[in-house]
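Asker: below is the structure, and that's it, no one-letter string:
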């Protein structure tokens with residue numbers, strides 16, 4: 001009694017298709033797939049090291065000075 005048979009799931013699937021229609025279900029599937037793909041791309045880009053933050057040397061070869069503030073770890 002805890003699980004449904006295959007016939008129960010087929011009946012539920014037919015009712016859902018009658019209520020929503022196949023076009024709307026396809027659109028929902030595409031939207032969900034796009035959201036999952038966007039989430040994976042976002043996670044992948046968050047793990048990559050950011051190389052655009054490294055200052056490049058100028059054409060004349062002179063080094064650039066970078067001002068930074070050090071945090072005190074003894075607080």
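Answerer: Yep, it's here. Every value quoted in this text rests on a predicted model; they were computed, and no experiment measured them.
Asker: neighbours around residue 20, how many?
Answerer: 13 (other Cβ atoms under 10 Å). All C-beta atoms are positioned from the backbone trio N, CA, C, and that covers glycine.
Asker: distance of it from residue 35?
Answerer: Relative to residue 35, residue 20 is positioned 18 Å away (criterion: Cβ to Cβ, to the nearest Å).
Asker: find the helix or strand that the closest residue to residue 20 other than its chain neighbours is a member of.
Answerer: Closest residue to residue 20 apart from its sequence neighbours, by Cβ to Cβ, 6 or more residues apart in numbering: residue 28 at 7.9 Å. Using DSSP states H and E, residue 28 maps to helix 22-47.
Asker: which helices and strands does that helix pack with?
Answerer: helix 6-20 (3 or more Cβ pairs under 8 Å, 6 or more residues apart in numbering; DSSP states H and E).
Asker: tell me the mean pLDDT for the helix it packs on?
Answerer: Looking at helix 6-20 alone, the average pLDDT works out to 91.
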